[in-house]
Structure formats: C-alpha cells, structure tokens
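J.: model this:
(one chain, ligands or ions: 1)
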Amino acid sequence: MEYENIRVETRGRVALITLHRPAQLNALCGPLIAELNAALDGFERDEGIGCIILTGSEKAFAAGADIPEMRDRTHPEFFVADPFGEWDRVGRRRKPMIAAVAGYALGGGCELAMMCDFILAADTAKFGQPEIKLGVIPGAGGTQRLTRAVGKAKAMELCLTGRLMAAAEAERAGLVARIVPAADLLAEAWQTAETIASMSLPAVMVAKDCVDRAFETTLAEGVRYERGLFYGLFATADQKEGMAAFLEKRKPNFEHR
Ligand code: HXC
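T.: Sure, this is the predicted structure:
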C-alpha cells in the first residue's frame, strides 16, 4: 500500500513505520494518523509480524499535532468528529510497539511516543508538552501518561511551563527505557524489536497486557489478573517448547501459538 505521510518497511517479523512529513517536522495531521492506523491494522492482522517500531527523522520524531490543521477548528467540529479518538486507536494496539525517538517529540509527538510500549531515545531526543504556549493543553493523553511515567512534579512543571526535557533527564525520570547514540538508534531499535519478535507472540502479548494493567487497577486485582494469564499460557505450544528447549539446552523454536 502507498502512503503519503509515512514509510513502511518489514524485515523478518519486525515492521518499521517511519513518520514522513519532513517539511513540517512530522507534524501529526489527520491523514497521517489515519495512515498510521491503517498500517497498524495490517500489522496487527499479520501473523508474521511480532513487533512494530515507530520512528521519525533525525531532527524530529514529531513536533506535535498539526497546528495549521487545528487552528480554525470549532468546539462542535471537534466534539462531533472526535479526531483524537483516532489517536486512541494507536494506543490500544495489542502487539508490542517501540518508539525510536530522535530530535523533537513535542506535544502530540510526545503523546504518540508514550502510546508505544516503551521509548528508545537517541541522545538528541527532546521531549515536552508545549501546548500551554498555544493556549491549550495536551489532548491525546499527555497529562495522564506523562504523569504516570515521570510523576506529578515533573509532569506538572512540563505541562505548565512548556519546558523541553533532554534525553538524559527523560531517562532519569523514567520516561525512556534507554538512551543510545543517535547514529545507533535505528540499529538498536531493530535489534530490540527482533529480540521481542523472536519470543512467543502469545506470551509477549500477555506480558504487554499485564504490564499495562498495572496502570488500570489495584495491586491485588493486577496480581490476580497476571496469575490467570500465567496459567493460561500453559495452553500454548510455545510454553511446552520453551521449557523443553531450556531443559534440552537448545534454543526454542517458537511457533507463536
Ligand atoms: C505544523 C509545524 C509544527 C507543528 C513545526 N512545524 N512544528 N507545522 N504543526 N506542530 C513546521 C514549522 O511551521 C516550519 O514550517 C517547519 O515545521 C520547521 O519548523 P521551525 O519552527 O522552522 O524549526 P525550528 O526553528 O528548528 O524549531 C523546531 C520546533 C518548533 C522547536 C520543534 O517548530 C516548534 O516549537 N514547533 C511547535 C511545537 C509545538 O507547539 N507542538 C505542540 C503542538 S499542539 P515552515 O513552513 O515555517 O518552514 C499539540 C496538541 C496535541 O501537539 C493534541 C493531541 C493530539
């Protein structure tokens, strides 16, 4: 399928989606989000895909929602069309998604990165929620996901001042999983994604679901939820294969079922 605002590539069981609106620093317009969802719909259906990487350019992962597109919107238009509902679909994917972030991840760009399961950051990455400078607030989960990731003090400061946070600070604060030199970002992302995609897909999807559940429920409920799904994995062929391979001192040959 031909896309205008993204580029898509697959290698083995990994898919790479590259945001591609270079003249606008990958500002996230409606058509881009629609294309992103179309690509993700396909990868979710494709049994041959086990992990998805989302990246931007060296200069910008994404500089936010598209400001010219938003500028003249009215309340009833927003309310009826609910364009950010489409963004939610990105964050509700069941297969693992890694954000590989270099340069600016601002506003909706930071929110999009936070919808992924974890962020690998280049040492050039800069994160922020500068919407306040435009007279608005984050609208695609930023006030919620950033607060859960970095805690109230830093999230509040960033949302109220619009200050940007460099990669090192973002890592210290727990927003990013790991920082790598910018030149190595994509190679690291591919390698990490290949590692994940080589695991049993049902186990990976269950692990993702359980970690996400930690943000939605109480500790006791979450522990019960995890235990049920752990037991459930004993219905998979991959559990038998994984444990047999360990005991036979060989590599497992997962069939993702
Ligand atoms: C549309 C954008 C854009 C955006 C940058 N551009 N950000 N276009 N929407 N969010 C465009 C610029 O207009 C410019 O186009 C080109 O990209 C290059 O940007 P410059 O500003 O010239 O680059 P630079 O001086 O390097 O500054 C980079 C920057 C700055 C610091 C990232 O562009 C910036 O502050 N952008 C806005 C960041 C922001 O406020 N994001 C939040 C948006 S609101 P021309 O044609 O002039 O060359 C939001 C709400 C989310 O995200 C709600 C939920 C979805």
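
J.: ok, which stretches of this structure are helices?
T.: With helices called from DSSP state H, the chain shows them at 30-45, 67-71, 75-81, 83-91, 108-115, 142-150, 152-161, 167-173, 185-198, 201-213, 219-232, 237-247.

J.: The first one and the ligand in contact?
T.: It stands for helix 30-45. No - using C-beta under 6 Å from any ligand atom, we find that helix 30-45 stays clear of the ligand, coming within 8.4 Å at best. (Each C-beta comes from the backbone N, C-alpha and C, glycine too.)

J.: Show me the contact partners of that helix.
T.: With C-beta atoms under 8 Å, 6 or more residues apart in numbering as the contact definition, helix 30-45 has outside contacts at 1, 3-6, 8, 15, 17, 19, 21, 26, 49, 52, 54, 66, 69, 83, 86-87, 89-90, 93-95.

J.: The last one too?
T.: Outside of helix 237-247, the residues that reach it under the criterion C-beta under 8 Å, 6+ apart are 200, 202-203, 233, 251-257.

J.: Which positions in stretch 164-172 come out as buried?
T.: The neighbour-count check on stretch 164-172 (16 or more other C-beta atoms under 10 Å) flags 164-165, 167, 169-171 as buried.

J.: For my notes, please list the residues you listed in a markdown table and give distance to the ligand and pLDDT for each entry.
T.: Putting these into a markdown table (distance: C-beta to the nearest ligand atom, whole Å; pLDDT from 0 to 100) gives the following:
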| residue | distance to the ligand | pLDDT |
| --- | --- | --- |
| 164 | 8 | 98 |
| 165 | 13 | 98 |
| 167 | 15 | 98 |
| 169 | 17 | 98 |
| 170 | 16 | 98 |
| 171 | 20 | 98 |
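
J.: Around the ligand, which positions in the stretch 101-250 of the chain sit nearby?
T.: For the stretch 101-250 of the chain, the residues in contact with the ligand (C-beta under 6 Å from any ligand atom) are 104, 106-108, 111, 130-131, 134, 138-140.

J.: Now render those as CSV, adding neighbour count and pLDDT.
T.: Written out in CSV, the entries for these read as follows (neighbours: other C-beta atoms under 10 Å; pLDDT from 0 to 100):
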residue, neighbour count, pLDDT
104, 25, 98
106, 25, 98
107, 29, 98
108, 26, 98
111, 29, 98
130, 19, 98
131, 22, 98
134, 14, 98
138, 24, 98
139, 17, 96
140, 27, 97
